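Student: One predicted model, sequence on top.
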Amino acid sequence: MAVITPYVRGDDTNIILGFFTIVAVLPLTLRFYNCYLAYLALGPGGTPATVPGFVKVSLLGLFAIQNPYKSTSLHHTGGHLKHLPQRQGRRPQVKGIAPHRQVTQKAEKHIFERLSSNIIRMASDSRDELRVGTSCIEQHGIGLFTTMPGRYSRHRCRTEVCHAHPSDGSMHMTLHPADAKVVLEAGWGEKHPLSRGGYFERFVPEGFVMVYSPRDEADVDIAIRIIEAAAWYVSGECYNNTQSG
């Protein structure tokens, strides 16, 4: 019995291949587009809000730490903070790498204004040991800087103590490993996804943590205590206008 083989023209073959290519590529394209929109929705940050910026951050995400809530440091003593009260309630949801933002439990406007004014007051009361300006790391929002950096860092912004994000009220800062451990275990923050040290210190300093947005005035007081610990550390343990707590 003869087998009849259907005749397919070359143009038909191209159409069929094109159809299956679209079917295969379209879901990936849509996923890329949706992820890009989510990246833009995090707002301005240190990485440009462009497709190349998004691709760079996506590649860095392959090296993100697995558990941002756990301290892996062996430094249990030697920090500035002795104790912090346990933060009440659930941790907020945090997304992104650069920008790295808190997307729930955002600070209300008047609370963020009080946080910002306290940061400015810290600089004015510091006897020229601290100053405020635009964040070097974020290139947006208020930053607190030391005028006498004593901690070695390969990051270009080694004088920056902390910065606050107007979009959500959260903060990023560099802490002594023992202080970072206190903050993480008390639930007031989490590690930045790239805070591995080594090569990745080109992107963020080692010991770089997010401190969550203050929800009320009591939280602002806690945040200031943590910022004071960051100032003490980044200043090479020379900033003495604080009380450890």
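Tutor: Yes, it's here.

Student: And the strands in the chain, which stretches?
Tutor: For the chain, the strands defined by DSSP state E cover 94-96, 100-102, 130-134, 142-146, 160-164, 171-174, 189-191, 208-211.

Student: Buried deepest among these, which one?
Tutor: strand 171-174 (a mean of 28; mean count of other Cβ atoms under 10 Å). In short, each C-beta sits where N, CA and C put it, glycine included.

Student: what does stretch 58-70 rub up against?
Tutor: For stretch 58-70, the surrounding residues in contact (Cβ atoms under 8 Å, 6 or more residues apart in numbering) are 35, 91, 94, 97-98, 184, 190-196, 200, 203.

Student: Return the distance of Glu228 relative to Leu175.
Tutor: Distance, Glu228 to Leu175, using Cβ to Cβ, to the nearest Å: 11 Å.

Student: With neighbour numbers in mind, choose between these two.
Tutor: A direct count of neighbours by other Cβ atoms under 10 Å for Glu228 and Leu175 places Leu175 higher, at 31 against 21.

Student: residues in contact with that one?
Tutor: Counting by Cβ under 8 Å, 6+ apart, Leu175 makes contact with 79, 183, 207, 209, 226, 229-230, 233.

Student: Out of the residues you listed, the closest to His110 would be?
Tutor: Ile226 (20.4 Å; Cβ to Cβ).

Student: Check whether the closest one really touches Val211, as I assumed.
Tutor: Yes: counting by Cβ atoms under 8 Å, Ile226 does reach Val211; the two are 5.4 Å apart.

Student: Find the residues that touch each one of the two.
Tutor: 173, 183, 188-189.

Student: can you pull the contacts of the closest residue to Trp188 other than its chain neighbours?
Tutor: Nearest residue to Trp188, sequence neighbours excluded (Cβ to Cβ, 6 or more residues apart in numbering): Arg87, at 5.1 Å. Listed by Cβ under 8 Å, 6+ apart, the contact set of Arg87 reads 186-188, 212, 222.

Student: repeat for Arg156
Tutor: Here Arg156 is in contact with Cys136 (Cβ under 8 Å, 6+ apart).

Student: how about 10 Å then?
Tutor: Neighbouring residues of Arg156 by Cβ atoms under 10 Å, 6 or more residues apart in numbering: 136-137, 202.

Student: List just the nearest of these to Gln102.
Tutor: Out of the contacts of Arg156, the member with the shortest distance to Gln102 (by Cβ to Cβ) is Ile137, at 16.4 Å.

Student: outside of stretch 107-116, which residues touch it?
Tutor: 106, 132, 141-142, 164-171, 212-217, 219-221, 223-224, 227.

Student: Using PDB, write out the CA atom coordinates for it.
Tutor: What follows is stretch 107-116, C-alpha atoms only, in PDB (Å, rounded to 0.1, in the frame of the first residue of the first chain):
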ATOM      1  CA  ALA A 107       5.900  55.000  56.600                       C
ATOM      2  CA  GLU A 108       3.300  57.700  56.700                       C
ATOM      3  CA  LYS A 109       4.500  61.100  55.500                       C
ATOM      4  CA  HIS A 110       4.700  62.700  59.000                       C
ATOM      5  CA  ILE A 111       6.600  59.700  60.400                       C
ATOM      6  CA  PHE A 112       9.200  59.900  57.600                       C
ATOM      7  CA  GLU A 113       9.500  63.700  58.100                       C
ATOM      8  CA  ARG A 114      10.300  63.100  61.800                       C
ATOM      9  CA  LEU A 115      12.900  60.400  60.800                       C
ATOM     10  CA  SER A 116      14.500  62.800  58.300                       C
END
